[in-house]
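Peer 1: just to be clear, the model below is a prediction. Sequence and coordinates:
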Amino acid sequence: MRILVSNDDGINADGLIVLENIARSLSDDVWVVAPEHEQSGASHSLSLSDPIRLRKIDDRRFAVKGTPTDCVLMAVHEVMPEKPDLVLSGVNRGHNIADDVTYSGTVAAAMEGAVLGIKSIAISQAYGFCNHGTLSYDTTIQHGPEVIAKLANLELGPGSLLNVNFPDCQPDEVAGVEVTRQGKRDSNNFEIQKREDGWQKDYYWFGFRRENSNAVAGTDLWAMKNKFISVTPLHLNLTNVEALDTVANALK
């Protein structure tokens, strides 16, 4: 099995090393193509107005000055001698659940793999649910190889990918593995912080407050809150099938 490993936290991220080790437990044919700099929140964006710079670190490890999507495209079309059998993206520093999925560069790298017809899995390690903001990859390190090995050969059909989140707890506290739906937060935790620079000019930071929603059972939010590993099948087809007739009737 030929595996491509990427992420959105950048080529020097600790989580990338964790995922490389998981990949090497599955195969000895592992390639790493990741962003030169952090691309968190980049979503499924392409660099169309700037040139793409590629830096070779060693024979199977490369840094791309671009987005996670750019990385997967460069890997498949320029770097790797043959198309990978599996794309693994992560391990993200923090969960990618509920509304996060639409912003996530980690999920986007897996999405691009799915666009290209490659089995793809996004992997994230939650923090801030139970351990008050302290990040540890220990749960992913211990449980990741077994979980990813079970998922790596699944055939989910065109346009499908998997979003896996490991809970914020010690490895021996994991309650199990749950197949989940994408959740929806019941509060808007987005905030803009206004600050002033040395020239007395305003600037702004976007961010999110860490607030726990009333998670619905069966969702990725519920799984993280209850210390389950969450596995969510996602699909690139965003059509709201239930709304088709409503829209068609309105246009008659």
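Peer 2: Thanks, I have it.

Peer 1: buried stuff in stretch 68-80?
Peer 2: By 16 or more other CB atoms under 10 Å, the buried positions in stretch 68-80 come out as P68, T69, D70, C71, V72, L73, M74, A75, V76, V79, M80. The C-beta positions use only the backbone N, C-alpha and C, and glycine is treated the same way.

Peer 1: so what touches it?
Peer 2: Contacts to stretch 68-80, defined as CB atoms under 8 Å, 6 or more residues apart in numbering, come from residues 2, 4, 6-8, 31, 33-35, 39, 42, 44-47, 52, 54, 62, 64, 66, 83-84, 87, 89, 105-106, 108-109, 111-113, 116, 118.

Peer 1: distance from the chain centre to it, please.
Peer 2: Mean C-alpha position of stretch 68-80 versus that of the full chain (CA atoms, centre = their mean, to the nearest Å) differs by 16 Å.

Peer 1: average pLDDT for it?
Peer 2: Averaged over stretch 68-80, pLDDT sits at 98.

Peer 1: so which elements touch the one helix or strand H143 maps to?
Peer 2: Take DSSP states H and E as the rule and H143 turns out to sit in helix 138-151. Where contact means 3 or more CB pairs under 8 Å, 6 or more residues apart in numbering; DSSP states H and E, helix 138-151 is packed against helix 14-26, strand 86-93, strand 119-125, strand 160-166, strand 228-235.

Peer 1: swap in 6 Å and give it another go.
Peer 2: When contacts are defined as 3 or more CB pairs under 6 Å, 6 or more residues apart in numbering; DSSP states H and E, helix 138-151 packs onto helix 14-26, strand 160-166.

Peer 1: what does it rub up against?
Peer 2: Here helix 138-151 makes contact (CB atoms under 6 Å, 6 or more residues apart in numbering) with V18, I22, S25, L26, V91, I121, Q125, L162, F166, P171.

Peer 1: at 10 Å what do you get?
Peer 2: By CB atoms under 10 Å, 6 or more residues apart in numbering, the surrounding residues in contact with helix 138-151 are 3, 15, 18-19, 21-26, 86, 88, 90-92, 119, 121, 123-127, 137, 162, 164-174, 177, 227, 229, 231, 233.

Peer 1: can you list the buried residues in that helix?
Peer 2: Neighbour-count burial for helix 138-151 flags T139, T140, I141, H143, G144, P145, V147, I148, L151 (criterion: 16+ other CB under 10 Å).

Peer 1: nearest to V101 among the residues you listed?
Peer 2: L151 (17.2 Å; CB to CB).

Peer 1: now that closest one: how far from P233?
Peer 2: Distance of L151 to P233, given as CB to CB, to the nearest Å: 10 Å.

Peer 1: and stretch 216-230, how far out from the chain middle?
Peer 2: Using CA atoms, centre = their mean, the offset of stretch 216-230 from its chain centre is 17 Å.

Peer 1: in that stretch, what's buried?
Peer 2: By 16+ other CB under 10 Å, the buried positions in stretch 216-230 come out as T219, D220, L221, W222, A223, M224, K225, N226, K227, F228, I229, S230.
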